[in-house]
Structure formats: C-alpha cells, structure tokens
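Asks: 3D, please:
(chains A and B)
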Amino acid sequence: MSTTTPTAPAEPERKAPAAKRTKVRPGDRIFSGAARGAGISLLAIMAAIAIFLVVKATDALSKNQGSFLTDQGWDPNTAKPAFGVVTLVFGTVVSATIAMLIAVPVAVGVALFITHYAPRRIAQTLGYIIDLLAAVPSVVYGLWGYIFLAPKLLGLHSWLSDYLGWIPVFDKEQAGVTARTLFTVGIVLAIMILPIIAAVTREVFLQVPRAHEEAALALGATRWEMIRVAVLPYGKPGIISASMLGLGRAVGETIAVAMVLSPSFDLSIHILDPGNTTIAANIANQFGESNEIGRGALIASGLVLFIMTLLVNGAARVVINRRKAFSGANS
Amino acid sequence: MKATTTRTADRGTDIRTDPEAGMTKRIEVSGLNAYYGSHKAVEDISMTMEPRSVTAFIGPSGCGKSTFIRTLNRMHELIPGASVDGSVALDGQDLYGSEIDPVAVRRTVGMVFQRPNPFPTMSIYDNVAAGLKLAGIKRKGDLDAIVERSLRGANLWTEVKDRLNKPGAGLSGGQQQRLCIARAIAVEPQVLLMDEPCSALDPISTLAIEDLIALLKERYTIVIVTHNMQQAARVSDKTAFFNLAGPGQPGRLVEIGDTETIFSAPTEESTADYIAGRFG
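Replies: Got it, this is the predicted structure:
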C-alpha cells in the first residue's frame, strides 16, 4: 500500500492544493502508519526469533562431538555431547508421508461427496461436522490414538507383516506387543489433518463455475467424467494448497506423536515396529530434561524442520505456478 | 440413438464410417411442460424443428425460451428440483423414454452456451478433444484429424493453428465461443442447440458466429435462442415466438412459422407487437 501517490481528491469543493502533491488526509496517514508499523514489527519479531534460534543452535552445534546430519543417537546432555537429526528427520518424513497418502485422497473424496453427490441437507450437516473435527485439539487425538486406536491396530499390524512382509517396510522384526509405531502415528496424523484438507478442498470445489460443469455435461459427460474434466483440474491448485496446510500440521504435530509413539533413536525402516521418533515429538520429550546444550540441540533440530517445511512449500508453489496460464484464474 | 450399446464403440464407429451420415434429425416436441420444483416455467409446447435448418426462439425475458431449449438435450433436469413432462422425439425416438440414458442424449444433441465456457485448465487442442476423449477416442492420429476438422468447421483453424497448446481461456470472447462450437461439433452431434450464443460478444464476433451458423445448418439441425430480432431474421429459417400468458404464468409458444412470415405478417397480435418493439 502506498500513500505517496494518492489519487485525485474525492471532494472537489475542498480548496485546491497549493502544492503539486495532493493533500494527504490525517486519517490516511494514521492508518498507513499503523499498517506499516504492524508490518515492520512483525518482521522485527521474526528476525529476533530467527537470530535467537540460530545463535542458540550454533552454540550447541559447535560443541557437538558427533555429526549433526548423520548421527543416529541423541546425547547432548553429557560431558561429550553427540547428537544427530537423521532419525528424527526420517521419522518426521515417514509419518507425514503415511498421513498424506491416507488423508489427501480421502479428504478429496469427502469434499467431492459434499459438493457434488450428497443431498443438500446431508451436505450441510457433514460440512458442519468436518469444521468441528478440524477444531479438535491434537492432545485429544493423542489420547484417543494411545488409549483406543493403537491397541485396535495391533491386528492390522500383524496382518500387514504376514501378507506384505516381503516388502522391507512392512517387515516386522520385533514380536508385536504394542502398536505404538510410526505406522499408527501416520494413521492418527491422517485422521487429524483430514478435516482441514477436506474443509479447504470443499470450498475450492464450490468455486468451480457452473458454466464449466455444464460444458462438460453438455458434451455427454457422466457425473464422474464431469468431475474429472471440469472440477478436479480447476481445483488442483486448491487441493495442493490444502494438502500443504495439512502437511504443515502433520510434520509439526508434537503432542499427539509424543503420546502415541514409543520412541527410539535407532533408525529403522520397519514402520510396523515400535521405534523412530519425529523432530517435534523429540523436542517435547526431551525439553524438560535438557541442559543448555541440549536445548540448543533441540533448537537446531527445530530449524531443520523449518527448512524442510520451506522446501516442501516451495516445491508446491512451483507445481502450482508451472501451469498458471491454465489455472482458470483469468477466465 | 442406441443408448444401451457401449458409448465407446457407438461413437467410434460413427466417426470412422461416414461423418455426414445420419447427421441431421427432426425434433418433434409435443405437450411439453417444464417445472422448477412446483413452479411451471413452460407450458404445453408442441412444435417441430426441421433438419438442415435453423429454428430461432424469440420472446421477452423470462418467457421460458432458455428453459425450453435445455429440455431438448435433457440439461434442464440437472437443476435440483427441475422436471419435465411431455415428449421430445428425435426422428421418432422419445428422448424422455424410460430406456434412454440422458448422458447419451447429450452426446447426440450438442449445446453452445450464452457465455463462452472453454475449460480454463485445458489448451485449445484439449478443449476440442475433451468430448472425443469422453467418447473413448484416444488415438493421437484420430484426435488430430478431428480437432483440425472441428476447428475448421468452426472457422477458427487459421487463427489458432499455431498455438493449439496455448490455454483456451487466452482467446478473445468471439474466438472462445467459436472454440466452444468446435468442441460441440467435434463429437458429431445430430442437433446443435445454441442458447443466446452471441449475447456476450461484440458485433464483429457476432457476425463471425452468424456466418458460421449459415455453414453449420448444411449439416446439423440448429436451434438458437436469441434476444436479437435482427439476428433471428438473418440466420433462421423458422422462428418461434414465446410469451408469458401473464405475470406469474408459465411461458407458452405463441406461434411458429417461416421467419419471413413471422417478421412480415404474423398471425398473432402479440407477435407483431413484440417484433415492432412495443413490449419486451
């Protein structure tokens, strides 16, 4: 917003300005000052946080005896601190991937059902329930996942390892007594992020112009074909954005993961075994017992999470922008 | 129309045999009523639309012209609560028969809308090919040939042949509407419905569409709704005048006849009044 080049005055009966520049009204000046101040202070706070985090993190990193990027252990609170993020990053990526693989298709299906299949009354009720689910705090999902879901999933765990065990990921090395695994975490996260993705995609699908849907139907498209030809392509950027929102919540989820997962620092690709941990859950688990260096190490892991999120969001932007001319934004 | 046979095979053979064969069909409407919920929008319409000719619907706003034209390809019933009774026969086959698949009807009876509505997410080429792909034609060679033929048929080929992969939404309004016509004729319908196809266009684009209609009527049964009486006089062979029986009453067909007769010596007084600009 710029106040240096205001347009012609709206009320011509005011006395003509003597100077070349139009008079800036006090209200405009106050508002622009307030808005600019808010913007600047936001940037300043962000910068202060970033500087603080980087300083704390580099402190800890400089004292690290192991390799931050490749070490599997996490022992920063000893006289010879050694810690690495690889297990944490692995756990974060795997649990978020499982969550996205489950949540995105289901959420898109739910949104399509609400917008294009359900009778109006059912659609309204469903929409309301989804908005409600999106607002449930994650600690509730954590409790539910730990007490209710994990024991129920034990059977699914052994079924998967029995029938798909030849795929290394589904191979189970430990005899299953608990389902507090990365797999269960992925499912809990999927259930958590599903409402948010469904709510946003529903709004996107509602924006699809009726004219485009009718164009498809008039060509002899069935309802599904109409959705495939007109609705999904038009909604694609929105689906990606909604998924990014969900992904942000999944990778950053702390308390639900900390409650459900039985953590360990041995990196294991066997997602049906207890073990592994995520960046956010590790911060929650370790923070209370950490000394100065331990806290710095956790902060460093948090910065890694931040960079991961940034990269994924950047990639999503690229995907959306690549076909901007075909986005329908100019129609 | 064989609604029960698989569409893919049906459509495929149609195109590979003779595209000219069986193209135009006579539409006979009898005793047709159209409803929105319990509101009757159009009442008791009976008329015939001849093959290889243009039939224009004129009448004041809200008289049910657009509602009626949408009953001819079963688009009307897609609106929640909307329904139709009476019959629409295409060369003797009732489109509202119980064994008829509405999706198959819409493949046979093409439609062009008031506002140009190319798919914004598709290129010019993909827009024209959209209906073909739905019909199960997937071979690149077939698609290329039909896309070119359809764009030529819509008088658009020379303007777009060098940018077939550019977005369809990047064309001008008149070009977009011709693109929509190309998309509609690509699937070789037997009837082409046009619901005020020029109302969002400038006079030059309108002229281009009108020239195109004159060409297309050699091969299709064309029905056009228009608010522009000069346009009806220019492009149509028959003109049907619709009017409301009164405020809040359903729309009715007042009279239909040769365009020349309707514009010079209409039978009904209200037609004469409307054409002379005394109301509407």
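
Asks: wait, what's in contact with the residue in the stretch 51-200 of chain A that chain B sits nearest to?
Replies: Nearest to chain B in the stretch 51-200 of chain A, going by CB to the nearest CB, is A:Arg120, at a distance of 7.4 Å. Yep, even glycine has a C-beta here, placed from its N, CA and C like the rest. A:Arg120 makes contacts with B:Pro80, as judged by CB atoms under 8 Å, 6 or more residues apart in numbering or on different chains.

Asks: Regarding the spatially closest residue to B:Asp202 that is not a sequence neighbour, which helix or strand does it belong to?
Replies: Closest residue to B:Asp202 apart from its sequence neighbours, by CB to CB, 6 or more residues apart in numbering or on different chains: B:Gly174 at 6.9 Å. When elements are defined using DSSP states H and E, B:Gly174 is found to belong to helix B:173-186.

Asks: and what of B:Gly62?
Replies: Per DSSP H and E: B:Gly62 is located in neither a helix nor a strand.

Asks: surely it meets B:Gly248?
Replies: No: the pair B:Gly62 and B:Gly248 fails to qualify as a contact (CB atoms under 8 Å) at a distance of 10.4 Å.

Asks: so who does the most centrally placed residue in chain B touch?
Replies: Centroid-nearest residue in chain B, with CA atoms, centre = their mean: B:Leu193, separated by 0.7 Å. Taking CB under 8 Å, 6+ apart as the contact definition, B:Leu193 lies against B:Ile69, B:Arg70, B:Leu72, B:Asn73, B:Val109, B:Gly110, B:Met111, B:Val112, B:Ile222, B:Val223, B:Ile224.

Asks: burial of A:Glu173, as a residue count?
Replies: The tally of other residues near A:Glu173 (other CB atoms under 10 Å in any protein chain shown) stands at 10.

Asks: so it touches A:Pro274, yeah?
Replies: No: counting by CB under 8 Å, A:Glu173 sits too far from A:Pro274 to count as a contact (10.4 Å).

Asks: hmm, back to that, what about B:Gly62 and B:Gly248, which has more around it?
Replies: Remark: of B:Gly62 and B:Gly248, B:Gly62 carries more neighbours, 13 against 7, as counted by other CB under 10 Å.

Asks: can you tell me how far the closest residue to the more buried one other than its chain neighbours sits from B:Ala129?
Replies: Distances taken as CB to CB, 6+ apart place B:Leu244 nearest to B:Gly62, at 6.9 Å, with adjacent residues excluded. For B:Leu244, the distance to B:Ala129 under the criterion CB to CB, to the nearest Å works out to 42 Å.

Asks: Residue 189 - nearest residue in space that isn't next to it in sequence?
Replies: I'll assume chain A. Among residues not flanking A:Leu189 along the chain, A:Ala99 sits closest, at 3.6 Å (CB to CB, 6+ apart).

Asks: if you could check chain B rather than the one you did, that'd help
Replies: Among residues not flanking B:Pro189 along the chain, B:Gly110 sits closest, at 3.5 Å (CB to CB, 6+ apart).

Asks: quick one: that neighbour is in a helix?
Replies: No: read with DSSP: H, G, I helix; E, B strand; the rest coil, B:Gly110 is strand and lies in no helix.

Asks: Is it bridged to anything, and to what?
Replies: With DSSP bridges as the criterion, B:Gly110 is bridged to B:Leu192.

Asks: Contact partners for it?
Replies: Under the criterion of CB under 8 Å, 6+ apart, the contact list for B:Gly110 reads A:Ala218, A:Leu219, B:Asn73, B:Ala184, B:Ile185, B:Val187, B:Pro189, B:Val191, B:Leu192, B:Leu193.

Asks: now A:Leu219
Replies: Contacts here follow CB under 8 Å, 6+ apart; on that basis A:Leu219 touches B:Arg106, B:Arg107, B:Gly110, B:Ala130, B:Gly131, B:Leu134, B:Arg183, B:Ala184, B:Val187.

Asks: now for the host helix or strand of the fourth one, which elements pack on it?
Replies: Yep, that's B:Ala130 we're talking about. The secondary structure element spanning B:Ala130 is helix B:124-134 (assigned by DSSP H and E). Helix B:124-134 sits against helix B:140-153, helix B:173-186, with contacts defined as 3 or more CB pairs under 8 Å, 6 or more residues apart in numbering or on different chains; DSSP states H and E.

Asks: Does anything pack onto the last one? Which helices or strands?
Replies: What it means is helix B:173-186. Secondary elements touching helix B:173-186 (3+ CB pairs under 8 Å, 6+ apart): helix A:210-218, strand B:109-112, helix B:124-134, helix B:140-153, helix B:157-160, strand B:191-195, helix B:203-216.

Asks: quick one, strands of chain A?
Replies: With DSSP state E applied, chain A shows strands at A:74-75, A:82-83, listed in chain order.

Asks: any idea which of those strands is most buried?
Replies: Highest mean neighbour count among the strands of chain A (mean count of other CB atoms under 10 Å in any protein chain shown): strand A:82-83, with a mean of 24.

Asks: Which of the contacts of B:Leu193 sits closest to B:Ala200?
Replies: Proximity to B:Ala200 was ranked across the contacts of B:Leu193 by CB to CB; first place goes to B:Val112, at 11.6 Å.

Asks: Name the nearest residue to the closest one, ignoring sequence neighbours.
Replies: In space, and not counting its chain neighbours, B:Val112 is closest to B:Met194: 4.5 Å by CB to CB, 6+ apart.

Asks: between the contacts of B:Gly110, which has the most around it?
Replies: Sorting the contacts of B:Gly110 by how many neighbours each has (other CB under 10 Å) puts A:Ala218 first, at 29 neighbours.

Asks: so that residue sits right up against B:His76, yeah?
Replies: No: taking CB under 8 Å as the contact criterion, A:Ala218 and B:His76 are not neighbours in contact, 11.8 Å apart.

Asks: B:Thr239 is in contact with B:Ile262, isn't it?
Replies: Yes: applying CB under 8 Å as the test, B:Thr239 and B:Ile262 come out as touching, 4.3 Å apart.
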